[in-house]
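A.B. asks: Predicted model, plus sequence, below.
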Amino acid sequence: MNVNQTEPYMHPTFITLDASSFPHEGPWRVIIHSLVPLALFAIMLNLGVLGACVMRRFDKPMVFYIALCVIADTLWVCVITATFVRGLLGVKRHVYFTECLLHVCSINCVGHSQLLIQWMMDVDRYWAIFWPYSYARFMAKKRGMFFLAFCIISLGIITKLFDGIFASLLYFCKHELIISEGFCMVGFLLNISCGGKTSSNLTCSYCDIFFVHIVNHHHHFYLLEDHPHFSSTFSNKALHTCCTQIMVFVLKVGSRMAFVISVRLGDHSVSFRLILYILCIFTSPIADPLIYGLRTKEIREPLTRLYQRASKNYL
């Protein structure tokens, strides 16, 4: 129902999330119903790495940042799986506009925090490798790492809160809106608002983060190759650290970029979108604890000791 176009900032009474177009028959039924067990598996992996960080008592900044990373991944799984699965199982349900804005804010804040923590870990390793003395002074008594994490994460959350505020000021032409997806996102609200605004700002933000990470990692490798006075042991350790961060970065940002591009194009099949949703949800929360658990000595050693202790008690 159309309303008076001169009425400022008119909000819809409710939003309909229509997920009836998603496939629910055949193998897709199994995939949809396996999302909750897969989410529980991802949460268990992240809690295992978090337990290893607690066993280390956050003795190093990198251990503390890995703990923040797995906490963000756990929150991401809980938030986006709950909204997405609820939308799929409901098939077609009504959501109040304020509830949709809450979905937008929670997904954006947690997702942006994941990327900022990843960037903070890259900066931390870069600083520790090439300026070890200033790094040690700043991180003395663990105050520096807490201060850095608090400032960056707070800045990221405050920045992404503006997405929800901006969406609340959009002008809509109808009382009832229909989103043919399983959950609310700011890009969908932009597309269905009056004037059909695009979500180019979201794409640019991901491109900016992608560019910063690429430049940062390239600079890592350039300095390692350009300083022959570095010992081979030091270079191998630094290279191992860089490769670990690059693996996490490619998986984390690659899945997000594929999702953002698919939303921007909007001409893909329903099954293809469902696959992208699942990849976007679970790639980072499953890959991060596995990569850090296998490649980071500070995380691997506590888990190995715990496994050996449990094996002895079992025998």
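C.D. replies: Yes, it's here. Numbers count the residues shown, from 1 in each chain.

A.B. asks: For the stretch 101-250 of the chain, give me the ranges with low pLDDT.
C.D. replies: 195-238 (pLDDT under 70).

A.B. asks: which residues touch the most centrally placed residue in the chain?
C.D. replies: Centroid-nearest residue in the chain: residue 111, 3.7 Å away (criterion: Cα atoms, centre = their mean). By Cβ atoms under 8 Å, 6 or more residues apart in numbering, residue 111 lies in contact with 76, 80, 256. No exception for glycine: its C-beta is placed from N, CA and C like everyone else's.

A.B. asks: export these to JSON lines and tack on secondary structure, distance to residue 184 and pLDDT?
C.D. replies: Compiled in JSON lines, those are given as follows (DSSP: H, G, I helix; E, B strand; the rest coil; distance: Cβ to Cβ, whole Å; pLDDT from 0 to 100):
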{"residue": "76", "secondary structure": "helix", "distance to residue 184": "16", "pLDDT": "91"}
{"residue": "80", "secondary structure": "helix", "distance to residue 184": "11", "pLDDT": "87"}
{"residue": "256", "secondary structure": "helix", "distance to residue 184": "17", "pLDDT": "75"}
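
A.B. asks: Generate a PyMOL selection restricted to the buried entries among the residues you listed.
C.D. replies: To isolate the buried ones among the contacts of residue 111 in PyMOL, judged by 16 or more other Cβ atoms under 10 Å, type:
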select buried, resi 76+80+256
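
A.B. asks: ok, so of the contacts of residue 111, who is nearest residue 97?
C.D. replies: Minimum separation from residue 97 among these (Cβ to Cβ) is found for residue 80, which lies at 19.6 Å.

A.B. asks: Put together TSV for the contacts of residue 111, with distance to residue 100 on each row.
C.D. replies: Below are these laid out as TSV (distance: Cβ to Cβ, whole Å):
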residue	distance to residue 100
76	19
80	14
256	21
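
A.B. asks: quick one: which of the contacts of residue 111 is nearest to residue 187?
C.D. replies: Closest approach between those and residue 187, by Cβ to Cβ: residue 256, at 12.4 Å.

A.B. asks: Would you confirm that that closest one contacts residue 281?
C.D. replies: No. Residue 256 lies out of contact with residue 281 (Cβ atoms under 8 Å); the separation is 10.7 Å.

A.B. asks: quick revisit: next structured bit after the stretch of helix or strand the residue nearest to the centre of the chain belongs to?
C.D. replies: Assigned by DSSP states H and E, residue 111 falls within helix 97-130. The element immediately downstream of helix 97-130 (helix or strand, assigned by DSSP H and E) is helix 132-138.

A.B. asks: what's that following helix in contact with?
C.D. replies: 127-128, 144.

A.B. asks: any chance of those residues in a markdown table, with distance to residue 293 and neighbour count too?
C.D. replies: Converted to a markdown table, the contacts of helix 132-138 look like this (distance: Cβ to Cβ, whole Å; neighbours: other Cβ atoms under 10 Å):
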| residue | distance to residue 293 | neighbour count |
| --- | --- | --- |
| 127 | 24 | 16 |
| 128 | 21 | 18 |
| 144 | 26 | 15 |
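
A.B. asks: Show the residue spans covered by the strands in the protein.
C.D. replies: Listed in chain order, the strands of the chain (DSSP state E) span 14-18, 92-96, 176-179.

A.B. asks: Quick one: residues in contact with the first one.
C.D. replies: To tie it back to what came earlier, the one meant is strand 14-18. So strand 14-18 is contacted by 87, 90-97, 100, 176-184 (Cβ under 8 Å, 6+ apart).

A.B. asks: Run a quick neighbour tally on residue 158.
C.D. replies: 10 (other Cβ atoms under 10 Å).

A.B. asks: How about residue 192?
C.D. replies: 19.

A.B. asks: Give me the distance between it and residue 27.
C.D. replies: As defined by Cβ to Cβ, to the nearest Å, residue 192 lies at a distance of 31 Å from residue 27.

A.B. asks: Repeat that for residue 65.
C.D. replies: In terms of Cβ to Cβ, residue 65 sits 39 Å off from residue 27.

A.B. asks: Looking at those two, which one has more neighbours?
C.D. replies: It is residue 65, of residue 65 and residue 27, that has more neighbours when counted by other Cβ under 10 Å, with 22 against 9.

A.B. asks: Once you drop chain neighbours, what's closest to the more buried one?
C.D. replies: residue 121 (4.7 Å; Cβ to Cβ, 6 or more residues apart in numbering).

A.B. asks: Pretty sure that neighbour sits against residue 70.
C.D. replies: No. Contact between residue 121 and residue 70 fails when scored by Cβ under 8 Å: they sit 11.7 Å apart.
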